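Student: 3D model of this:
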Amino acid sequence: MNALRVAWKDILILLKDRGQIILLFVLPMVFIVAFGAAMSASTSAAQQVINVPVVNLDALALPPGQAGGESSQMLIEQLNAGRGLKTVDTNEAQAEVDLQEKKINLALYIPAGFSADVQAGKVAQLRLVRGPGSSDSEITTVRLVVEGVAADLSLQTQLLSGLSQMGAMMGDAPAEAQAFTAERIEAQAKSQYERAKTAPLLAVEARLPELITRGREEFDSSTFSMAGFAILFAFLGAQMTASSIYEEKKLGTFRRLQASPLSKAEVLIGKMLPNFVLALVQVAVIFGVSMVLLPAANLGAPSLGQDPLGLVVVTVMVALCSTGLGVLIAALARTESQVGGITSVVLWLAGMVGGAFIPAFLLGDFLNVVGKAVPHYWALQAYTDLMVRGQGLVDVLPQVGILAGFTVLFFAVGLLKFRFD
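Tutor: Coordinates of the predicted model:
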């Protein structure tokens, strides 16, 4: 009860400090929304489909009522086959106007007689026109895709032509020596090409770096921002414990507490309890507000996973670890500036290498190894397993155990070095 009275006194002092309340509860939400928006925008940009206006002069050059332009149509179909491009039909005059007015950034011209030249084995020149509003990356992307599709089309045409010639040569042979007719060879080759579209022997997949998960792979920017900044600011609450103890010592009230009928253990527990309670409340508020605020801002709905008990256990361990860290800082710091300095350097740096700011997979191998030396890393891994990967408490017990180890270490060193005078 005595420890609770000490803790309640510190909580009342905290509630009167509006600046501290803003720092602990409002600032995290600002960070979460800002970083969530930045990550969501970068992901959307990476997945954006480029519109490519196409002027198909090949089909226009055909006489009315005459079918043709098979190669140009095949080229357009392949450009739209999940390659990050979407063709838009337009005419030559409109394309010129839209390019000058920057309504479009580029235009692809398929020349007249394109299909006939391709079928005859002649060189057919595609033309990619760049507008004043285009970027180098956009032009390069479209050019590489068009060149790849054109090369496949050229190879297909040449192979079909060669096989057809082979079938024609066999046509002069006796009937018993003709294994395949030219028509059968051509039909077989075409069927193989159609099959290759849906079941290629070799496929290359390009994607953003993702969190490697067991069962499914995805990176949820809203959930990551919510969990990362909840951990970061929960550990920043350790400064409150250290500052409160230092302030009590500076004013002399800490000595008065020791002179009262309170044991040293009761005094220290009373000073630690506010940080523990604050960390729990802070994580709960950040999670709750994020679940409402992020979807309202069109940044995606974060997930809390499938195991509420796992979330509670991890959050309690984060709060205990933060409290132990506060005791350690209070034991090591000798001045008020040291309290702020140690907190700023250690906690913000730990949050950075621990992945609270930037996903661990983007930090590189070296920083990933360094990150494992701070509790932030293991807390984030536990939350990621629970909320993103859909795992349960049993699956995150290794991370909880490591957080418990950090907690014991912080308390042990902090209490060993703590000075009550």
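Student: what about the closest residue to residue 123 other than its chain neighbours, which helix or strand?
Tutor: Distances taken as C-beta to C-beta, 6 or more residues apart in numbering put residue 117 closest to residue 123, at 7.0 Å, once the chain neighbours are dropped. (Each C-beta comes from the backbone N, C-alpha and C, glycine too.) In the assignment (DSSP states H and E), residue 117 maps to helix 114-120.
Student: ok, residues contacting that helix?
Tutor: Outside helix 114-120, the residues that touch it by C-beta atoms under 8 Å, 6 or more residues apart in numbering are 57-58, 68-72, 75, 123-124, 126, 153-154, 157, 161.
Student: go again using 7 Å as the cut-off
Tutor: 58, 68, 69, 70, 71, 72, 124, 153, 154, 157 (C-beta atoms under 7 Å, 6 or more residues apart in numbering).
Student: neighbours around the first one, how many?
Tutor: Residue 58 sits with 26 neighbouring residues when counted by other C-beta atoms under 10 Å.
Student: sec struct for it, please.
Tutor: Following DSSP: H, G, I helix; E, B strand; the rest coil, the label given to residue 58 is helix.
Student: next one, pLDDT for it please.
Tutor: Confidence at residue 58, expressed as pLDDT, is 83.
Student: picking up where we left off before, so which of the contacts of helix 114-120 sit within helices?
Tutor: Using DSSP state H, the members of the contacts of helix 114-120 that fall in helices are 58, 70, 71, 72, 153, 154, 157.
Student: now do the first one against residue 126, distance only.
Tutor: The spacing between residue 58 and residue 126, counted by C-beta to C-beta, to the nearest Å, is 10 Å.
Student: and the third one, by the same measure?
Tutor: Between residue 71 and residue 126 the distance is 11 Å, computed by C-beta to C-beta.
Student: among the two, which residue is more densely surrounded?
Tutor: Between residue 71 and residue 126, residue 71 has the larger neighbour count (other C-beta under 10 Å), namely 22 against 16.
Student: does the more buried one touch residue 154 like I think?
Tutor: No. Here residue 71 does not reach residue 154: they are 9.4 Å apart, not a contact under C-beta atoms under 7 Å.
Student: what are the ranges of the helices in the stretch 101-250 of the chain?
Tutor: Ranges of helices in the stretch 101-250 of the chain, per DSSP state H, counting those that start in this stretch, are 114-120, 136-170, 182-198, 221-236, 238-251.
Student: worst average pLDDT in those helices?
Tutor: Among the helices of the stretch 101-250 of the chain, helix 182-198 has the lowest mean pLDDT, at a mean of 59.
Student: okay then, goodbye and thanks.
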